[in-house]
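Engineer: Generate coordinates for the sequence data below:
(one chain, ligands or ions: 1)
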Amino acid sequence: MPADIRVKICGLRDAAMVDAAAAAGAAYVGFVFFAKSPRNVTIEAARDAALAAPPGVAKVALVVNPDDALLDEITGTVSLDMIQLHGSESPERVREVRARYGLPVMKAVGIQSAEDLPALDIYSKVADQLLVDAKPVAGGPLPGGNGVPFDWRLVSNRRWPVPWMLAGGLTPSNVADAIALTGVRQIDLSSGVESAPGVKDPVLIAEFIQAAQTAGRPRAAAPSLR
Ligand SMILES: O=C(O)c1ccccc1NCC(=O)[C@H](O)[C@H](O)COP(=O)(O)O
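Structural biologist: Below you'll find the model as predicted:
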């Protein structure tokens with residue numbers, strides 16, 4: 001039987017949110033370091049929140065075109081398992097960050113049309129994981145976390161040499177379709193489990209993870225009539 005679907009709940013801001021995500025079965029928790037986001041955390045708040053993550057739950061720092069000074073401060077303060085680069089970082093920058101911090105790097109790639117797909121092949125050669133997300137609206141305030149899906153058929157049953165996560169507008173109601181259509185085994189989301197911008201809802205988190213894991217399990221064979 002394939003392993004369970006692994007869910008990353010992104011944009012957690014305190015220990016209570018981390019507790020709720022971990023209790024519901026999240027495999028990853030994400031902290032957003034981006035001042036314009038309603039999910040932005042200070043480095044100190046992320047440090048405290050990360051301490052609430054039990055062993056086995058990976059702690060991810062999400063940054064957008066970070067310089068080394070910011071990454072030095074984050075990685076020197078917060079206990080982390082992965083860095084998520086969510087800006088326009090080049091493949092060379094992905095390599096540099098991996099080498100400098102000794103942490104796995106997940107590179108987010110925004111998808112809107114088939115023209116965006118070659119970037120996934122390029123980044124799959126330098127990153128440890130890919131985050132296949134909806135492309136943000138041009139001129140919009142946030143590079144991610146916009147609650148907007150893309151056309152999942154573009155990545156239907158696609159594989160890369162590294163693991164990947166699907167993101168963009170996923171909710172408890174549409175996650176089963178997303179899994180069925182793409183064959184993805186890892187899911188990332190943020191706004192789909194919020195009661196208000198930046199405020200995670202523990203009930204929605206539990207509902208989402210339950211829906212994702214149910215959808216990811218192979219169906220039992222129909223009983224024989226004889
Ligand atoms: O979530 C944010 O506020 C954010 C800000 C800046 C860059 C990226 C951001 N989020 C990226 C994520 O990893 C989200 O989980 C992903 O884009 C999906 O978001 P959603 O469509 O809200 O589920």
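Engineer: use CA for all of it now, contacts and neighbours both
Structural biologist: Will do.
Engineer: Number of residues surrounding the residue lying closest to Asn65 once chain neighbours are set aside?
Structural biologist: Counting by C-alpha to C-alpha, 6 or more residues apart in numbering, Asn65 lies nearest to Gly87, which is 5.0 Å off, once chain neighbours are set aside. Gly87 is flanked by 17 other residues according to other C-alpha atoms under 10 Å.
Engineer: for Val132, same thing?
Structural biologist: Val132, neighbours per other C-alpha under 10 Å, totals 23.
Engineer: In which helix or strand does it reside?
Structural biologist: Secondary structure assignment for Val132, by DSSP states H and E: strand 129-134.
Engineer: List the contacts of that strand.
Structural biologist: Contact with strand 129-134 is made by 104-112, 120, 123-124, 144, 148-150, 162-169, 188, as judged by C-alpha atoms under 8 Å, 6 or more residues apart in numbering.
Engineer: you'd agree the residue nearest to Asn65 is up against Arg93?
Structural biologist: No. With contacts counted by C-alpha atoms under 8 Å, Gly87 stays clear of Arg93, the gap being 11.0 Å.
Engineer: intersection of neighbour lists for those two?
Structural biologist: Common neighbours of Gly87 and Arg93 (C-alpha under 8 Å, 6+ apart) do not exist.
Engineer: quick revisit: give me the mean pLDDT for the strand holding Val132.
Structural biologist: On average, the pLDDT along strand 129-134 is 98.
Engineer: got it, and stretch 101-118?
Structural biologist: 97.
Engineer: picking up where we left off before, touching the ligand at all, the helix or strand that comes right after the strand holding Val132?
Structural biologist: Sequence order places strand 164-166 as the next helix or strand after strand 129-134, per DSSP H and E. No. Strand 164-166 does not reach the ligand (C-alpha under 6 Å from any ligand atom); its nearest approach is 8.4 Å.
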